[in-house]
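*Asks:* here is a sequence with its predicted model. Questions after.
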Amino acid sequence: MSNMELLEIKNLNKKYDKKYVLKDVDLKITSGKIIGLLGKNGAGKTTLIKLINDLLTPTSGEIFVKGNNIGVESKKVISYLPERTYLNKQMKVSEVIDYFKDFYENFDDNKAKKLLKDLDLDINQNLSKMSKGMQEKVQLVLVMSRKADLYILDEPLGGVDPATRDYILDTILSNFNENASVIISTHLISDIERILDEVIFIDKGKIVLQSDTDELRTKENASIDEIFRRMFKC
């Protein structure tokens, strides 16, 4: 890919009534990176993600994905994992896979089946019979089985135990191609820190820092988690 940005956000603002949820956000994301979008609850992470996924309309500002405005084309190249499960609980896992295969031309059902097996999930089971954590895993598998340019995962580790967390992080690491990037929004920083190439700190609707993780750790002589806590006194 040329040096065109994968994602570029210019002077983005979002307000509800008179209150700004995002203020003057400028952001550039290139290919081949795993990026942590880090902030406390209510900092604006989910709003930003929804704007990139065309689920909300900006108050002002622009968002470009591979040089195009947000819309039909951007949706084809972004694979998005929302914060909450959205799947039809009456369906079997196999039916959901068929649905995704019909819906997204970049969906690889063989990869999905392999990941489900690795995670010990039964393809013939109804989602309603699965725990919340299992449903979350199914959703992550579906999202990671698309051949996308940008994966956006909103709190992907919420309902799972630490061992599964590690497996999920490894799944993310080993399942995106080098021309793609992954944005992981989370407040569980210590859990995901090891896989991040870059971090974006967001606070009260503003981007307060974007940095390469190794450079930041060296400069501050601390873990990303510690730097974050220090900056936001949490």
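*Replies:* Looks like it arrived, so ask away.

*Asks:* residues touching the residue nearest the centre of the chain, list them.
*Replies:* The chain has residue 153 as the residue nearest its centroid, 2.1 Å off, counting by C-alpha atoms, centre = their mean. Residues in contact with residue 153 (C-beta atoms under 8 Å, 6 or more residues apart in numbering) are 81, 140, 143, 172, 182-185. In this view, the C-beta of every residue, glycine as well, is placed from N, C-alpha and C.

*Asks:* and the helices in this structure, which stretches?
*Replies:* 45-52, 72-77, 93-103, 109-118, 132-144, 162-174, 189-192, 213-220, 224-232 (DSSP state H).

*Asks:* buried ones in stretch 14-26?
*Replies:* 14, 21-23, 25 (16 or more other C-beta atoms under 10 Å).

*Asks:* these: which two are farthest apart?
*Replies:* Farthest pair in these (C-beta to C-beta) is 21 and 25. Separation: 10.3 Å.

*Asks:* now for the two: what residues contact both?
*Replies:* residue 205.

*Asks:* which residues are contacting the lowest-mean-pLDDT helix or strand in the chain?
*Replies:* One helix or strand of the chain scores below all others by mean pLDDT, DSSP states H and E: helix 162-174, with a mean of 82. For helix 162-174, the external contacting residues (C-beta under 8 Å, 6+ apart) are 34, 115, 118-119, 133, 137, 140-141, 144, 151, 153, 156-157, 160, 182, 184, 188, 191-192, 194-195.

*Asks:* can we see that at 10 Å?
*Replies:* 34, 115, 118-120, 133-134, 136-137, 140-141, 143-144, 151, 153, 156-158, 160-161, 182, 184, 188, 191-196 (C-beta atoms under 10 Å, 6 or more residues apart in numbering).

*Asks:* repeat that for stretch 224-234.
*Replies:* Under C-beta under 10 Å, 6+ apart, the answer for stretch 224-234 is 36, 38-40, 43, 187-194, 196, 199, 201, 203-204, 208-209, 211, 213, 216-217, 219-223.

*Asks:* mind running it again at 6 Å?
*Replies:* With contact meaning C-beta atoms under 6 Å, 6 or more residues apart in numbering, stretch 224-234 is reached by 38, 189-190, 193, 199, 220.

*Asks:* same question, stretch 48-57
*Replies:* Everything outside stretch 48-57 that qualifies as a contact, by C-beta under 6 Å, 6+ apart, is 58, 63, 70, 80, 152, 154, 185.

*Asks:* closest to residue 177 among the residues you listed?
*Replies:* The shortest approach to residue 177 among these belongs to residue 152, at 15.9 Å (C-beta to C-beta).

*Asks:* beta-bridge partners for the closest one, please?
*Replies:* residue 80, residue 183 (DSSP bridges).

*Asks:* how far away is it from residue 83?
*Replies:* 11 Å (C-beta to C-beta, to the nearest Å).

*Asks:* which of those two has more neighbours?
*Replies:* Using other C-beta atoms under 10 Å as the criterion, residue 152 and residue 83 rank with residue 152 on top: 25 against 15.

*Asks:* remind me which residues of this structure are low pLDDT?
*Replies:* 1-4, 234 (pLDDT under 70).
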